[in-house]
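Asker: based on what follows, work out the 3D shape:
(chains A and B)
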Protein chains: 2
Amino acid sequence: MNPPESKPQVPLYEEVANKVVEMIDSGTLPIGSRAPSVRALAKQMKISVSTAVAAYRFLEDHGRLQPRPQSGFYVRAASRENVEEPEMSRPPETVSDVTVGDLRLLLLTEFGQPGTIGLGASSGAVSDWSIKTVHALMSSISRTQPLLSASYPPPAGMSTLRRQVARWYMRAGCKLTPDDVVITSGALEAIHLCLRAVTQPGDAVAIESPTYWGILQTIEMLGLKALEIPTHPRTGPSLDALEVVLGQNLVKSIVLIPSAHNPLGSIMPEDSRRQLVAMVKKANVPLIEDEIYADLTFETTRPRACRSYDSSPSASSNVMICGGVSKTVAPSLRIGWCMPGRWIKEVTGAKAWLNIASPTLPQLALAQFMDEGGYDRHLRKVTSIYRRQVERMSDLVAEHFPRETRITRPQGGFLLWVELPEGLDSVKLHDRAIKNGISICPGVVFSATGKYRNCIRINCGLLWSAAVEQAIPTLGKLIAEMTDS
Amino acid sequence: MNPPESKPQVPLYEEVANKVVEMIDSGTLPIGSRAPSVRALAKQMKISVSTAVAAYRFLEDHGRLQPRPQSGFYVRAASRENVEEPEMSRPPETVSDVTVGDLRLLLLTEFGQPGTIGLGASSGAVSDWSIKTVHALMSSISRTQPLLSASYPPPAGMSTLRRQVARWYMRAGCKLTPDDVVITSGALEAIHLCLRAVTQPGDAVAIESPTYWGILQTIEMLGLKALEIPTHPRTGPSLDALEVVLGQNLVKSIVLIPSAHNPLGSIMPEDSRRQLVAMVKKANVPLIEDEIYADLTFETTRPRACRSYDSSPSASSNVMICGGVSKTVAPSLRIGWCMPGRWIKEVTGAKAWLNIASPTLPQLALAQFMDEGGYDRHLRKVTSIYRRQVERMSDLVAEHFPRETRITRPQGGFLLWVELPEGLDSVKLHDRAIKNGISICPGVVFSATGKYRNCIRINCGLLWSAAVEQAIPTLGKLIAEMTDS
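Answerer: Modelled structure (predicted):
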């Protein structure tokens, strides 16, 4: 809760409530302590008892006080509902080269370090069950069919896995055949291959702001430029902005993460997807949709892919789907895929010339895992765990970070986007955190133009532990030190 | 043996011998039949008995007749020694765009088809022992250390494998540390990353002619141009030609396969390597050496890598090593590596942005396989098998292909390069062969400029079988049909 400024129209009980909040925030009334009784407050503030009661009810409604029968009101830990959401982003309206690649590489190397609380990575590991199962399937397949591994896999991938992927996307409302699918070494490679197929060096690409840094690095690697689109933390990119961009013919492609966005956790509403697809079809600009988190949305029904709103057959669609299992089964498998629509031939060729094909055995095992329903069962299990962990992490941030902090309300995945007070340098915070054995992801890497320097992304997908629980208070202390100095 | 044309200086016994060869080649004297007795020949040809004896000794020396005690001379199957080697190649002297990518993709897709005799692929599968062992190691590691797979591997690769690779290259005369190594998804990805680090679109790259088609596609994919260098089938690229190219500043990089070249099987002599490295250092042009077949050379000592002739420390070398285990352990693992010298940071970054990292578990298993000596033992076993199979395949080609055919004398690997009679279209031969259940690799894909249309590359690395043995006579028949028509 941000207390409103004192203005004539604010009722008296709110003014009183704000004074109580100041006492809480200053530590005069510590978390868990008993607030003064209603009578004591009325006397102290020179107000009526009924105003004191109204003030306490107001604070109760806003989650700052908790009534206990026969005992009075107690100071609650700040909870996530007290913390505001970030507003829609306002990136620069011009195309830009991508910067800060070195910092991204440093982070990626750091994420692999053992012995660090990995709040910086984006990697869900609440259970090793799925990895164990897929590895066991690999063992069994390699024993029974060793010769399958004696030759090169086909560039587009093993047909068993392509069949399962095509089948899975019926849930996303898509009609696909195995021939529409190319298996890749992770979803980022899929995005690389798709974006490469539809652009030339120097072209500009529209992206959400903030967006997954891998997409930014792909843009940089392909010699492209980025155009960041204003993005709402719940509903995704501004269609108005995209319409202007398409109308002015500013970009050659659009790369979005419509479902459980990284880092925002936003989900584009169905109507927006329909409208977006109509727009890109009209403008004849290919849309690349990164579906990597789509199977981890908290709603019971998985969102439909944007592609499902394109009535064209897959072989002529200009909506390209990218996805994979790095966020669901295991990042170490490096299995991704794409359904590149009308660019299927170009993407298959580029995959072949890049690294011939992806490894055989993990593809076969994942196909069996999906076929036997293991993938589906696993998703149902982990999604509810991720939801709880995102909520718990939000509460911890609300409790331990400065009052001006804003946090997202993720609708899927396991990432939390945190906007720290203006002026706080999260790259410096990162440097201090890593010395304390905690990795975080500074916001600046999610922008082509160095925005979001006061933001961080927090991974809530870790195997939860006391050390994870302790990391947020530690970060809160580091932030407090930086704010004080 | 190509019989010399009839000229005055040819001795009489050679003229006689040539007439006998004509009788053999025309089928008048079939393979295995008894040649006329010396006396009968003398009478028939109206020559002295001693000339007839000299003619038969000459044919014996050239492997066309075989004497049997108390019985006379018998017609031998043509053997590889009777067949000439190709000459040094003479590619065009200008830079060129890379063509025929579509054919290459068709071939690559075809190679993965089951039920085809895969003479077109380049894939050694004489034993599934190594794959089985690595897979068993994967099973054991995944059971004992499942959490190793719960996070992203580091971009440069698992340190255990980088350590083994660095150690292995001591045999190639190189002093390397694990920090000099980047693990990739196959050797082609390694070449891609290295070449990308040292070129800009539009630059030209010097390559052998013929050369591995993957390199040509990498050049095309990166927007580069190719400059084919005359290449000798035993000793590799012409240093004279390379010196001119470097002197005129025509290329920004050189990509070679110095050890057991694909498709030629050539090995650059030590002196040439030393001279080459001095040349590229002087010209300050990075040399990329593809070492993928180097562990499969037939000599007992593995050739030193070109890098070993660079006295600079690894971190400042401009000789970049690429390699992997697709030709030795299993292509389906998709494990490669590079030691990119002074471009270590650029290559690590590009690997990260391309597909984050290569899969964890196969890296750990391969590291253990190498550490326990399994890789070394496996190499010793397969290399001698490959050598025998290359010889057997050469004999079959000598026996069943037209007399004008030329074949290489591979010094390692498992590939045979076959030059068919001028004018024979090996792309058409490929089309007919695939209808007969046999894949071959037409020579045209080994050139940027569409050369080698009368050549094919034959894989001798297959699990040998009666079907493989029968494939060459079948190809010989198809060639004969094409020559006749």
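Asker: what about the longest strand in chain A?
Answerer: As assigned by DSSP state E, the longest strand anywhere in chain A is strand A:225-232.
Asker: helices or strands up against that one?
Answerer: Packing partners of strand A:225-232 (3 or more Cβ pairs under 8 Å, 6 or more residues apart in numbering or on different chains; DSSP states H and E): strand A:204-209, helix A:213-221, strand A:236-237, helix A:239-247. In short, each C-beta sits where N, CA and C put it, glycine included.
Asker: between that strand and strand A:204-209, how big is the angle?
Answerer: Here strand A:225-232 points in a direction 30 degrees away from that of strand A:204-209 (axes from the mean of the first three to the mean of the last three Cα atoms, to 10 degrees).
Asker: run through the bridge partners of the nearest residue to A:Met88 once chain neighbours are set aside.
Answerer: Take A:Met88 and drop its neighbours on the chain: the residue closest to it by Cβ to Cβ, 6 or more residues apart in numbering or on different chains is A:His232, 4.5 Å away. Note on A:His232: beta-bridge partners by DSSP bridges are A:Gly236.
Asker: would you put the C-alpha positions of the lowest-mean-pLDDT helix or strand in chain A in PDB?
Answerer: In chain A, no helix or strand scores lower on mean pLDDT, DSSP states H and E than helix A:101-111, which sits at a mean of 81. Extracted in PDB, the C-alpha atoms of helix A:101-111 (Å, rounded to 0.1, in the frame of the first residue of the first chain):
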ATOM      1  CA  GLY A 101      26.200  -8.500 -24.400                       C
ATOM      2  CA  ASP A 102      29.200  -8.900 -22.200                       C
ATOM      3  CA  LEU A 103      27.200  -8.600 -19.000                       C
ATOM      4  CA  ARG A 104      24.700 -11.200 -20.400                       C
ATOM      5  CA  LEU A 105      27.600 -13.700 -21.000                       C
ATOM      6  CA  LEU A 106      29.000 -13.100 -17.500                       C
ATOM      7  CA  LEU A 107      25.600 -13.800 -16.000                       C
ATOM      8  CA  LEU A 108      25.100 -17.000 -18.100                       C
ATOM      9  CA  THR A 109      28.400 -18.300 -17.000                       C
ATOM     10  CA  GLU A 110      27.700 -17.400 -13.400                       C
ATOM     11  CA  PHE A 111      24.300 -19.200 -13.400                       C
END
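Asker: list the residues that contact the residue nearest to A:Met88.
Answerer: A:Met88, A:Ser89, A:Ser238, A:Ser266 (Cβ atoms under 8 Å, 6 or more residues apart in numbering or on different chains).
Asker: compare those residues and tell me which is most surrounded.
Answerer: Most neighbours among those, by other Cβ atoms under 10 Å in any protein chain shown: A:Ser266, with 27 neighbours.
Asker: and for the closest residue to A:Trp213 other than its chain neighbours, the neighbour number?
Answerer: Once flanking residues are discounted, A:Trp213 sits nearest to A:Val445: 4.5 Å by Cβ to Cβ, 6+ apart. A:Val445: 28 surrounding residues under other Cβ under 10 Å.
Asker: cool, A:Asp240 as well?
Answerer: 10.
Asker: ok, it to A:Gly265 distance?
Answerer: 22 Å (Cβ to Cβ, to the nearest Å).
Asker: can you tell me if the longest helix seen in chain A touches chain B.
Answerer: Longest among the helix segments of chain A by residue count, using DSSP state H, is helix A:374-400. No - contact of helix A:374-400 with chain B (Cβ under 8 Å from any Cβ of the partner chain) is absent, the minimum separation being 12.3 Å.
Asker: end to end, how far does stretch A:208-226 reach?
Answerer: For stretch A:208-226, the first and last residues are 10 Å from each other (Cα to Cα, to the nearest Å).
Asker: average model confidence for it?
Answerer: Throughout stretch A:208-226, pLDDT has a mean value of 96.
Asker: again with stretch A:413-433
Answerer: 96.
Asker: residues of the stretch 201-350 of chain A that sit close to chain B?
Answerer: A:201, A:214, A:217-218, A:220-221, A:223, A:326, A:330-334, A:348-350.
Asker: for the residue nearest to A:Trp213, what are its contacts?
Answerer: A:Val100, A:Leu103, A:Arg104, A:Leu107, A:Trp213, A:Leu216.
Asker: and of the residues you listed, the nearest to chain B?
Answerer: The shortest gap between chain B and any of the contacts of A:Val445 belongs to A:Arg104, at 7.8 Å (Cβ to the nearest Cβ).
Asker: how close does the closest one get to B:Glu208?
Answerer: Taking Cβ to Cβ, one finds A:Arg104 at 37 Å from B:Glu208.
Asker: please name the bridge partners of A:Trp417.
Answerer: Here A:Trp417, judged by DSSP bridges, has bridge partners A:Arg457.
Asker: surely it and A:Tyr212 touch.
Answerer: No - between A:Trp417 and A:Tyr212 there is no contact under Cβ atoms under 8 Å: 11.7 Å.
Asker: where do the contact lists of these two overlap?
Answerer: A:Pro263.
Asker: spell out which residues of the stretch 351-485 of chain A are next to chain B.
Answerer: Residues of the stretch 351-485 of chain A lying near chain B (Cβ under 8 Å from any Cβ): A:Ala352, A:Trp353, A:Leu354, A:Asn355, A:Ile356, A:Ala357, A:Ser358, A:Pro359, A:Thr360, A:Leu361, A:Pro362, A:Leu463.
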